[in-house]
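In: quick check, what structure comes out for this input:
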Amino acid sequence: MLETSRPTWQLPPGVTRGLWDYAHTEHIAADYDVYFSEHKLFELDEAIIRRHFVTPGLVADLGCGTARALVPLVRRGFRGLAIDLSEPMLRIVREKVEREGLEITCVQANLVELDGLADSSVDYGLSLFSTLGMIRGRENRQRALRHARRILRPGGKFVIHVHNYWFNLYDPGGPWWLTRNLLRATFRRDVEYGDKFFFYRGVNNMFLHVFTYREMRHELRRAGFRIIDQVFLDPGRWHALRCPWFLGNLRANGWIFVCE
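Out: Below you'll find the model as predicted:
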């Protein structure tokens, strides 16, 4: 059976049909690096990682994509563990590993089901570009965060990025989506506040959960993390939001949290 034809009832926990199709669509992986080559968020999160990941060690990139954040670290002397649901994405990573002789091990896995990774086995963790939000279901997202916490050694650092629920106020059609989502989440058990379905790069019903500031901080603490730094992102995600103390919870595009 082709992976793209797997029945919905056989999909892994937390994985929607849209995410499954996204993960197994060849063109998305093939042109991923070119498609996002000018994305300024990548420069910002790399600067944050460089500031907090000081001593070389083993870095687990949870939802690594094509390892755009992991490769620069490995070039600096770190070792990498590239984890993703998408085999096409991991194929690109292996090509980079072979081309540059990088010390990266690839693992195809669902972030909700990382039981095969040993406790306290990595020094650093990453979950960038709102990967956590691609997991459907609060308890599934919490399981992914607890796995991230479990595999991290004591004192290890974890960097994660998510999108802001309230930033939809500024998007075309965003206020209407907020109203509809509030109503659906109130009256339907299968919809949570912040659940979005949309068309994305040829994939129907792509899923993304967007967070409130309070929600994300609560989920991190619930998983056992201690937040040691946080960056409110400006609307274009080029740099940190200016004056985050002034309605930053509403104005920020999203946040990058650094935890241990």
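In: list the contacts of the nearest residue to Ala118 once chain neighbours are set aside.
Out: Nearest residue to Ala118 in three dimensions, chain neighbours excluded: Ile151, at 6.9 Å (Cβ to Cβ, 6 or more residues apart in numbering). For every residue, glycine as well, the C-beta is placed using N, CA and C. Listed by Cβ atoms under 8 Å, 6 or more residues apart in numbering, the contact partners of Ile151 are Ala60, Leu114, Leu117, Ala118, Asp119, Ser120, Ser121, Val122, Gly125.
In: where does the fourth one sit: helix, strand or coil?
Out: Meaning Ala118. For Ala118, the assignment made with DSSP: H, G, I helix; E, B strand; the rest coil gives coil.
In: how about the first one?
Out: Ala60 falls in the strand class when you classify it by three-state DSSP.
In: ok, it touching Ala118?
Out: No. Using Cβ atoms under 8 Å, Ala60 is not in contact with Ala118, being 11.2 Å away.
In: neighbour count winner among those two?
Out: Ala60 (27 against 9; other Cβ atoms under 10 Å).
In: show me where this structure has helices.
Out: 17-23, 26-30, 32-35, 40-52, 70-75, 87-100, 138-151, 174-187, 213-222, 248-251 (DSSP state H).
In: could you give the mean pLDDT of the second one?
Out: So the one you mean is helix 26-30. Here helix 26-30 scores 93 as its mean pLDDT.
In: rewinding a little: in CSV, list the helices of the chain along with distance to Leu132.
Out: Compiled in CSV, these are given as follows (distance: least, Cβ to Cβ, whole Å):
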stretch, distance to Leu132
helix 17-23, 12
helix 26-30, 19
helix 32-35, 19
helix 40-52, 14
helix 70-75, 17
helix 87-100, 17
helix 138-151, 6
helix 174-187, 18
helix 213-222, 9
helix 248-251, 18
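In: closest to His239 out of those?
Out: Set against His239 and scored by Cβ to Cβ, these come closest in helix 40-52, at 6.3 Å.
In: what's that closest one in contact with?
Out: 36, 68-69, 72-73, 126, 128-129, 157, 159, 161, 229, 231, 233, 236-240, 256, 258.
In: send me that helix as CSV with only the CA atoms.
Out: Taking C-alpha atoms only, helix 40-52 is exported to CSV below (Å, rounded to 0.1, in the frame of the first residue of the first chain):
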residue,chain,number,x,y,z
LYS,A,40,13.8,35.8,8.1
LEU,A,41,12.5,33.7,11.0
PHE,A,42,15.2,31.1,10.2
GLU,A,43,17.9,33.7,10.9
LEU,A,44,16.3,34.8,14.1
ASP,A,45,15.9,31.3,15.6
GLU,A,46,19.4,30.4,14.5
ALA,A,47,20.7,33.4,16.5
ILE,A,48,18.7,32.3,19.5
ILE,A,49,20.0,28.8,19.2
ARG,A,50,23.6,30.0,18.9
ARG,A,51,23.2,32.0,22.1
HIS,A,52,21.9,29.1,24.2
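In: between the contacts of Ile151, which is nearest Val15?
Out: Leu114 (13.7 Å).
In: any idea how far the spatially closest residue to the closest one that is not a sequence neighbour lies from Asp84?
Out: Computed as Cβ to Cβ, 6+ apart, the closest residue to Leu114 that is not its neighbour in sequence is His147, at 4.0 Å. Using Cβ to Cβ, to the nearest Å, His147 is found at 14 Å from Asp84.
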